[in-house]
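Student: take this sequence and fold it.
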Amino acid sequence: MEEQLNSLLEFLHDGNPNVRQLALNHLLGYTVKSSQLQNIFKQNNMRPISDLKNICREDPVIAHDAFKALVNLASDDEICKELNDDNFLHLMIKMITDSKIILSDMACMLLSNITKYQDISMKFLKMENQQVEGLSNSTKAIDQLVDVFVRGLDRVYNKEAEYHFLASVFANVTMLPQGREYFLTTASYDDVTPLSKLIVFTEHPNIIRRGGVISCLKASFRHAVAIKD
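Tutor: Presented below is the predicted three-dimensional model:
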């Protein structure tokens, strides 16, 4: 079985998109954490992970499966380090903030998984992104994600996305002192503290949105109290 799967991995960078899609469809089930063959995706200096990142840029049908595979594989520390890639992080930010992208929620989900790693959270806090008209006047990636989290409620900003998993991203970021400080500091572009934008969601019916926001609030409030003491 492993030999057959190794052969399929080679097709992830085949020149024919239909071949890439078929190969990924057969490999997807082996990306889950419970799979005893998950390690096959680490071979050849993580070439399969590079292939999956490239496929994320393709047609949404095949890109969806690539994102799903990476969401599963991000539970592995070594693979997650491979996802600590500036170009790929920027791709996810652009996909999340673009109102016409149908895979925004998949990008949110993957970002929520990889920001559990502090190196990626720290990098994310410092990232810049081109200003997105109609969304945010800030060029800071985290500002834009807070704004799309708020404005994207009930599919108002993007009819294909709900952005609930960004709450987990914010919770992960507040594991860092710099992240907690960010949420407590008034933003220069709109004179509002990011944390105040999130409070309204503490009773939201979606458990992912609600839970992530509550975690973010608790960490930030503890930080504020510690500073005063």
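Student: now do the buried residues in stretch 14-26.
Tutor: Buried positions in stretch 14-26, judged by neighbour count with 16 or more other CB atoms under 10 Å: 20-21, 23-24. Yep, even glycine has a C-beta here, placed from its N, CA and C like the rest.
Student: what residue ranges in this protein score low on pLDDT?
Tutor: The chain contains residues with pLDDT under 70 at 225-229.
Student: quick one, helices of it?
Tutor: Counting by DSSP state H, the chain has these helices, from start to end: 2-10, 17-27, 43-55, 60-73, 77-82, 86-97, 104-114, 118-126, 141-151, 166-173, 177-184, 194-198, 207-228.
Student: of those helices, which is nearest residue 33?
Tutor: Relative to residue 33, the nearest member of those by CB to CB is helix 60-73, separated by 6.7 Å.
Student: which other residues reach that closest one?
Tutor: For helix 60-73, the external contacting residues (CB atoms under 8 Å, 6 or more residues apart in numbering) are 17, 20-21, 24-25, 27-28, 31-33, 38, 41, 49, 52-53, 55-58, 79, 83, 102-103, 106-107, 109-110, 113.
Student: just the buried residues from those, in ChimeraX please.
Tutor: ChimeraX command restricting the contacts of helix 60-73 to the buried ones, with burial defined by 16+ other CB under 10 Å:
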select :20,21,24,27,31,38,41,49,52,53,55,56,79,83,102,103,106,107,109,110,113
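Student: kindly reformat the helices of the chain as CSV and extend each row with distance to residue 157.
Tutor: Output for the helices of the chain, formatted as CSV (distance: least, CB to CB, whole Å):
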stretch, distance to residue 157
helix 2-10, 37
helix 17-27, 29
helix 43-55, 26
helix 60-73, 18
helix 77-82, 28
helix 86-97, 9
helix 104-114, 9
helix 118-126, 20
helix 141-151, 5
helix 166-173, 12
helix 177-184, 21
helix 194-198, 14
helix 207-228, 15
